[in-house]
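Asks: need the 3D shape of this:
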Amino acid sequence: MTVRRQKKTRKQRGSRVYGYGRISGGHRKGGSRGGVGNAGSKGHHRIGKISQMILDQKGFTAPNPTASMFINVGEINEQLDFLLAVEIAKKDGKTITVDMNKLGPIKVLGKGLVTHPIHLHTNSITLTAQEKIESAGGKVITGTAEE
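Replies: Purely as a prediction, here's the structure:
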């Protein structure tokens, strides 16, 4: 009977490692992996846990983060007395001028009610917040406040 399939040993002559790889140490079982199961868990397999922790990290830290603090117009309206006391706001007749830039990069959001006419200096504000301030008789100045 003729042999229709060449044996594996004949095919791999001259390949030096015969399909078992150079790195792992050839035709071995747990010995090529540094032990079977939890072998080395108190010592040499810790590097695997460290590399897994590094692999689990995702994303990146933005070099120039945008405004991470937010405040609603309703909160500004409620805290006007406090803002006047700490000189972040000034009263000019009926209007109150509030400089949010003194508190850092804060974005003003539109939740809440505005009952006083407020002149608000801020770098970042939503359209809803701007409409609420203007409907109460105030105005929004984007950019830094002029002293």
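Asks: use CA for all of it now, contacts and neighbours both
Replies: Will do.
Asks: and the strands in the chain?
Replies: 69-72, 89-92, 95-99, 106-109, 118-122, 124-125, 139-142 (DSSP state E).
Asks: same for the fourth one, what does it pack against?
Replies: So the one you mean is strand 106-109. strand 69-72, strand 118-122, strand 124-125, helix 127-135 (3 or more Cα pairs under 8 Å, 6 or more residues apart in numbering; DSSP states H and E).
Asks: now the most centrally placed residue in the chain. Its backbone dihedrals?
Replies: In the chain, the centroid-proximal residue (Cα atoms, centre = their mean) is T61; its distance is 6.6 Å. With angles defined as degrees, to the nearest 10, T61 sits at phi -90, psi 120.
Asks: what does the model give it for pLDDT?
Replies: In this model, T61 is scored at 81, pLDDT.
Asks: adding mean neighbour count, mean pLDDT and distance to G19, write the strands of the chain out as TSV.
Replies: As requested, those are exported to TSV (neighbours: other Cα atoms under 10 Å; pLDDT from 0 to 100; distance: least, Cα to Cα, whole Å):
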stretch	mean neighbour count	mean pLDDT	distance to G19
strand 69-72	14	91	59
strand 89-92	16	90	77
strand 95-99	20	91	73
strand 106-109	20	91	62
strand 118-122	23	92	68
strand 124-125	20	90	63
strand 139-142	16	91	69
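Asks: out of the ones you listed, nearest to G43?
Replies: The closest of these to G43 is strand 69-72. By Cα to Cα, the value is 45.0 Å.
Asks: helices or strands next to the closest one in the packing?
Replies: Partner elements for strand 69-72 (3+ Cα pairs under 8 Å, 6+ apart): strand 106-109.
Asks: which residues touch the strand it packs on?
Replies: For strand 106-109, the surrounding residues in contact (Cα atoms under 8 Å, 6 or more residues apart in numbering) are 67-73, 100, 122-126, 128-129.
Asks: present the strands of the chain as a markdown table; the columns should include distance to H44.
Replies: Formatted as a markdown table, the strands of the chain follow (distance: least, Cα to Cα, whole Å):
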| stretch | distance to H44 |
| --- | --- |
| strand 69-72 | 45 |
| strand 89-92 | 62 |
| strand 95-99 | 59 |
| strand 106-109 | 49 |
| strand 118-122 | 56 |
| strand 124-125 | 53 |
| strand 139-142 | 59 |
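Asks: what residues are up against T122?
Replies: Taking Cα under 8 Å, 6+ apart, one finds D99, M100, N101, I106, K107, V108, V140, I141, T142, G143, T144 in contact with T122.
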